[in-house]
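Asker: Return a 3D structure for these sequence lines:
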Amino acid sequence: MMKYLNFKSEYNRFPKIKIKYYEEGIYDSYNSIFERIKKDNTKNTIVFECYPGVRYKELESQLFSKFTDAEIIFVDEYAKQGTEITEMIKDKLSNDRVFAFKSFIDILDFYPQENIQKIREMKSNKLQIFYGFGASQIIKGETLVYCDMARWEIQKRYRTHELTNWRMDTFDLDILRKYKRSYFFEWRTADLIKQKEYENIDFYLDTNDNNQPKMITGNDFRTALKQAVQAPFRLVPYFDPGVWGGQWMKEVCNLDPNKENYAWSFDGVPEENSIYLAFGDKYLETPSINIVFYQPVELLGQKVFDTYGAEYPIRFDFLDTIGGGNLSLQVHPLKSYIKEQFNIDYTQEESYYMLEALDDAVVYLGVKEGINKEEMIEDLRKAERGEKLFDDERFINKFPAKKHDHFLIPPGTIHCSGRNAMVLEISATPYIFTFKLWDWGRLGLDGIPRPVHINHGEKVIQFDRDTTWVKNNLVDQVTTLHEEDGLLVEKTGLHDLEFIETTRYKTNKPVIIQTKDSVNQLNLVDGKKAIVQSINGEFDDFVVNYAETFIIPERIKEYIIKPYNVGEEIMVLRALVK
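Answerer: Numbering: from 1, shown residues only. Presented below is the predicted three-dimensional model:
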């Protein structure tokens, strides 16, 4: 029996981008991969550039061992020790569990110069394999194989203690600290390599699944990324439990009903999500950031690219507290603060769109009028020390929330969703820059207190965002833009202080939408199913199910959205960079 929907959800957890034109397709066994690489290179140097986290032992035993006449050189062994690297970055790494100073360090800085020279002097006319993190920057071979993997898979390997940070032996380290080192350092360095080498890749190897490799040629890889931005597409969502997690996503997103809860999902975050590229009846996984890096203007639009570079600035994610608990009380940094403290160019401008809200659902937003700033901060510190519970009733506004309300959250505004709400969070994408202030006295799933950052938070809280200001500026600020029979177009947010604009289309007929010089990110927030159609036939009809997030590349310029079933009403929320 459906609890939250009056129809059976068809939410697709495994969306695929169909690649129409390609030369060779997927090689999906180590034998076929070996034969294909060998076909192109039998006597010269093969370089395997590996994203940090790739299972080296699997490559060694399942693939490199097949090159019986090859000399195998593992370049990581010539890098600096983990302790040396930690010493190099310690001033920017910080002692905080969560935050550091975002740094773009050339991979060669992590290798002693004499060792780089030693590796280069090893090159001969014999068949050789050089592999590891930075191999392609140290040695230029006749064949380059790029070994890639998803950020989410890296995090799962961290959690099981299979994996730790590059050149470290801290397998049991706190997952937040592992992720921090990856996000602020390792992934930045790895992405610099990736952006340099796209045109040089001879073979692209998907290493996400244990002993289930998938490889395509570099030409097919580049062709696929170019085709991906010629039509609407979806990212591959992932879901995770949490201390406040709820029950809504289990039903709507077709998840395991036996799990205790699901707290959040990334369904539209190219920095973190993947895409599936389908070649005939086979597909491989690649981080969706590859589209952003390789086709930034076609995806984002020239205006957005000029402002943000090859970064995707819009994020959609789910926060499920239905049957769960409150989110942590939190605040996001101001733009000047995030740049100065963490070297991030823009901050987490945010909003909560209510996909569902039970009768007692609320949103905590802004401070109450007339409070004393010092008293509130001291109350938070006492709560952090475990001396008392934070008196949220005294200091923080609490607004009733109902389905399809939209709460706007510019940086510096204290906020959180209460229990029994299903939030589509629409925000900018600068990592997880949330300063938690109070977490209701809970422990994390790891059994230790979740980190709070009152020292950061007190420096950015805007105490003039009190009850009256919040009511007048942030609570369901809906403006009708256009209305006709069967169509209502409304501006729902975000606030004028924020760079993202959201528009809601409620329609029972086809509606033409312009991309307005920006990538468009949308979610079907009501209705069973919709179709996205091309104006001029440049892409095939694209079907969207309820609650699915999807992306329209800016190069498409305009498109049609209509109900899948004639006459049924749908509601679509669209975000763009204004």
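Asker: State the next helix or strand along the chain beyond the helix-or-strand element of the chain with minimal mean pLDDT.
Answerer: Every helix and strand in the chain was compared by mean pLDDT, DSSP states H and E; the lowest is helix 335-342, with a mean of 84. Using DSSP states H and E, the helix or strand that follows helix 335-342 in sequence is strand 350-357.
Asker: Confirm that Lys196 lies within a helix, as I assumed.
Answerer: Yes. Counting by DSSP: H, G, I helix; E, B strand; the rest coil, Lys196 is found in a helix.
Asker: what about it, neighbour count?
Answerer: 11 (other CB atoms under 10 Å). The C-beta positions use only the backbone N, C-alpha and C, and glycine is treated the same way.
Asker: list the contacts for it?
Answerer: Contact analysis of Lys196 by CB atoms under 8 Å, 6 or more residues apart in numbering lists Gln137.
Asker: Quick check: can you list the domain ranges of this protein?
Answerer: According to automatic domain parsing, the chain comprises the domains 29-212, 238-473, 479-577.
Asker: which helices and strands does the least confident helix or strand of the chain pack with?
Answerer: Identification of packing neighbours for helix 335-342 by 3 or more CB pairs under 8 Å, 6 or more residues apart in numbering; DSSP states H and E yields helix 454-460.
Asker: average pLDDT across the next helix or strand after the helix it packs on?
Answerer: Using DSSP H and E, the helix or strand that directly follows helix 454-460 along the chain is helix 467-473. Averaging pLDDT along helix 467-473 yields 96.
Asker: need the helices for the stretch 101-250 of the chain, in chain order.
Answerer: Along the stretch 101-250 of the chain, the segments classed as helices by DSSP state H, counting those that start in this stretch run 113-122, 135-138, 151-159, 175-181, 187-197, 218-228, 248-252.
Asker: can you give me the mean pLDDT across stretch 217-230?
Answerer: Here the average pLDDT along stretch 217-230 is 98.
Asker: Equivalent analysis for stretch 563-572, please.
Answerer: The model assigns stretch 563-572 a mean pLDDT of 96.
Asker: Now for Thr347, how many residues are close by?
Answerer: Thr347 has 25 nearby residues by other CB under 10 Å.
Asker: err, Arg188, not the other one
Answerer: Count around Arg188 with other CB under 10 Å applied: 14.
Asker: of all the domains of the chain, which lies closest to Lys226?
Answerer: domain 238-473 (6.3 Å; CB to CB).
Asker: Any regions of the stretch 451-578 of the chain where pLDDT drops low?
Answerer: Filtered on pLDDT under 70, the stretch 451-578 of the chain yields the residue ranges 494.
Asker: so where do the strands sit in it?
Answerer: 479-484, 487-493, 500-507, 511-514, 520-526, 529-534, 542-545, 549-552, 558-563, 570-577 (DSSP state E, counting those that start in this stretch).
Asker: Include distance to Lys18 when you put the domains of the chain into a markdown table, please.
Answerer: Below are those laid out as a markdown table (distance: least, CB to CB, whole Å):
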| stretch | distance to Lys18 |
| --- | --- |
| domain 29-212 | 17 |
| domain 238-473 | 5 |
| domain 479-577 | 8 |
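Asker: Quick one, which of those domains gets closest to Glu23.
Answerer: The nearest among the domains of the chain, by CB to CB, is domain 238-473 at 9.9 Å.
Asker: Please tell me I have it right and Leu355 contacts Lys403.
Answerer: Yes. The pair Leu355 / Lys403 is scored as a contact, 7.2 Å apart, by CB atoms under 8 Å.
Asker: Neighbour count: the two, which is higher?
Answerer: Neighbour count, other CB under 10 Å: between Leu355 and Lys403, Leu355 has more, with 25 against 15.
Asker: which non-adjacent residue is nearest the more buried one?
Answerer: Met422 (4.5 Å; CB to CB, 6 or more residues apart in numbering).
Asker: again, but for Gly301
Answerer: Glu554 (3.2 Å).
Asker: thinking again about what came up before, quick one, which of the strands of the stretch 451-578 of the chain is packed in tightest?
Answerer: strand 549-552 (a mean of 26; mean count of other CB atoms under 10 Å).
Asker: contacting residues around it?
Answerer: Outside strand 549-552, the residues touching it (CB under 8 Å, 6+ apart) are 232-235, 237, 267-268, 299, 316, 515, 519-523, 532, 542, 544, 559.
Asker: Asp109 is nearest to which of the strands of the stretch 451-578 of the chain?
Answerer: With CB to CB as the yardstick, what comes closest out of these is strand 570-577 (33.7 Å).
Asker: what residue ranges in the stretch 151-300 of the chain score low on pLDDT?
Answerer: In the stretch 151-300 of the chain, no residues with pLDDT under 70.
Asker: With distance to Phe34 as added columns, please give the helices of the stretch 101-250 of the chain in TSV.
Answerer: As requested, the helices of the stretch 101-250 of the chain are exported to TSV (distance: least, CB to CB, whole Å):
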stretch	distance to Phe34
helix 113-122	22
helix 135-138	18
helix 151-159	23
helix 175-181	32
helix 187-197	22
helix 218-228	17
helix 248-252	41
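Asker: Got the confidence number for the most far-flung residue of the chain relative to its centre?
Answerer: Distance from the centre of the chain peaks at Asn125, with 42.9 Å (CA atoms, centre = their mean). Listed pLDDT for Asn125 reads 89.
Asker: so how far is Leu235 from it?
Answerer: 44 Å (CB to CB, to the nearest Å).
Asker: Check Glu58 too.
Answerer: Taking CB to CB, one finds Glu58 at 26 Å from Leu235.
Asker: just to revisit the earlier point, the strands of the stretch 451-578 of the chain: which one's closest to Asn397?
Answerer: Once those are compared by CB to CB, strand 487-493 is nearest, at 17.6 Å.
Asker: roughly how far is that closest one from the heart of the chain?
Answerer: Mean-position distance between strand 487-493 and its chain equals 27 Å (CA atoms, centre = their mean, to the nearest Å).
Asker: what's the answer for stretch 297-310, then?
Answerer: For stretch 297-310 - counting by CA atoms, centre = their mean - the centre lies 18 Å from the chain centre.
Asker: who touches it?
Answerer: Contacts for stretch 297-310 (CB under 8 Å, 6+ apart): 195, 226, 229, 291-293, 296, 312-313, 345-346, 515, 517-519, 551, 553-555, 577.
Asker: Quick one, which of those residues are buried?
Answerer: 229, 291-293, 296, 312-313, 346, 515, 518-519, 551, 553-555, 577 (16 or more other CB atoms under 10 Å).
Asker: quick one: which of those residues sit in helices?
Answerer: Judged by DSSP state H, these include Ile291, Val292, Phe293, Pro296 as members of helices.
Asker: now, which of those sits nearest Leu365?
Answerer: Val292 (31.5 Å).
Asker: separation between that closest one and Ile396?
Answerer: 37 Å.
Asker: mind listing the strands in the stretch 51-200 of the chain by residue range?
Answerer: Counting by DSSP E, counting those that start in this stretch, the strands of the stretch 51-200 of the chain are 71-74, 128-132, 143-148.
Asker: Which positions in stretch 122-139 come out as buried?
Answerer: 123, 127-139.
Asker: hmm, back to that, which one of the buried ones among the contacts of stretch 297-310 sits closest to Gln113?
Answerer: Checking the buried ones among the contacts of stretch 297-310 one by one against Gln113 (CB to CB), the nearest turns out to be Phe293, at 28.5 Å.
Asker: Of all the helices of the stretch 101-250 of the chain, which one is nearest Leu144?
Answerer: Per CB to CB, nearest to Leu144 of the helices of the stretch 101-250 of the chain: helix 135-138, 5.8 Å.
Asker: tell me the pLDDT at Ile448?
Answerer: So Ile448 comes in at 65 (pLDDT).
Asker: Over to Lys3?
Answerer: For Lys3, the predicted pLDDT is 85.
Asker: Three-state assignment for it, please.
Answerer: Lys3 - assigned by three-state DSSP - is coil.
Asker: dump the residue contacts of the nearest residue to it once chain neighbours are set aside.
Answerer: Nearest residue to Lys3 in three dimensions, chain neighbours excluded: Glu251, at 6.0 Å (CB to CB, 6+ apart). With contact set as CB under 8 Å, 6+ apart, Glu251 has these partners: Met2, Lys3, Tyr4, Leu5, Ser9, Pro257.
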